[in-house]
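**Student:** Output the structure for:
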Amino acid sequence: MIILIMGVSGSGKTTVGQLLADTLNWEFKDADDFHSVDNIEKMLLGIPLNDTDRKPWLKDLQTAIALWLKENQNVVLACSALKANYRQYLLLDNEGIQIVYLQGSLDVLQKRLLKRQNHFMSEKLLNSQLDTLEEPDDAICVDISQPPQLIVQNIRKALEV
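**Tutor:** Numbering: from 1, shown residues only. Got it, this is the predicted structure:
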């Protein structure tokens, strides 16, 4: 099974995803690790990525997901997956993939991003991510204002894992 933890920058995808993977004894993967050097440089400069920038990234993620599903690996994947068509592209096997949407207020997201250090995703890009975001209809939605441990408990309860 693959649990895709999605949301905008600062929503806690990596923190929650890693904690969830640890509690399940599953592998954790971060979609940020699949970005090209060019995409990372753009984001460092505060330039939002467009669909053309994201296309090779999404293809690499789709390839990885296909492999994980084929090998029956249990993986928690932290991935922004902001648009419905991105998620549809990644959902190779609806039965084997569950989406969890980390949802939060602008205030909470901004505060988190201002505290973040050593990350290529600038807080200046939050508004562009929120503009791009198409909230999912088919996901488990979790409020990010709770502590990460409680978020993970809620996810596990909803997924019955």
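
**Student:** Listing partners with orientation, what would you give for the longest strand along the chain?
**Tutor:** Longest strand of the chain, by residue count under DSSP state E: strand 97-103. Paired strands of strand 97-103, with direction, are strand 2-6 (parallel), strand 140-143 (parallel) (DSSP bridges).

**Student:** mind putting the ones you listed in a markdown table, mean neighbour count included?
**Tutor:** C-beta coordinates here come from the backbone N, C-alpha and C atoms, glycine included. Listed next are the strands paired with strand 97-103 as a markdown table, based on neighbours: other CB atoms under 10 Å:
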| stretch | mean neighbour count |
| --- | --- |
| strand 2-6 | 26 |
| strand 140-143 | 17 |
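
**Student:** mind putting those strands in TSV, distance to Asn127 and mean pLDDT included?
**Tutor:** Listed next are these as TSV, based on distance: least, CB to CB, whole Å; pLDDT from 0 to 100:
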stretch	distance to Asn127	mean pLDDT
strand 2-6	18	97
strand 140-143	21	95
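
**Student:** and Gln73, which of these is closest to it?
**Tutor:** strand 2-6 (7.9 Å; CB to CB).

**Student:** what helices or strands is the helix or strand just after that closest one leaning on?
**Tutor:** Where DSSP states H and E defines the elements, the next helix or strand beyond strand 2-6 is helix 13-24. If you count contacts as 3 or more CB pairs under 8 Å, 6 or more residues apart in numbering; DSSP states H and E, helix 13-24 packs onto strand 2-6, strand 27-30, strand 75-78, helix 148-159.

**Student:** a markdown table for these, including distance to Lys55?
**Tutor:** Below are the helices and strands packed on helix 13-24 laid out as a markdown table (distance: least, CB to CB, whole Å):
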| stretch | distance to Lys55 |
| --- | --- |
| strand 2-6 | 18 |
| strand 27-30 | 19 |
| strand 75-78 | 18 |
| helix 148-159 | 29 |
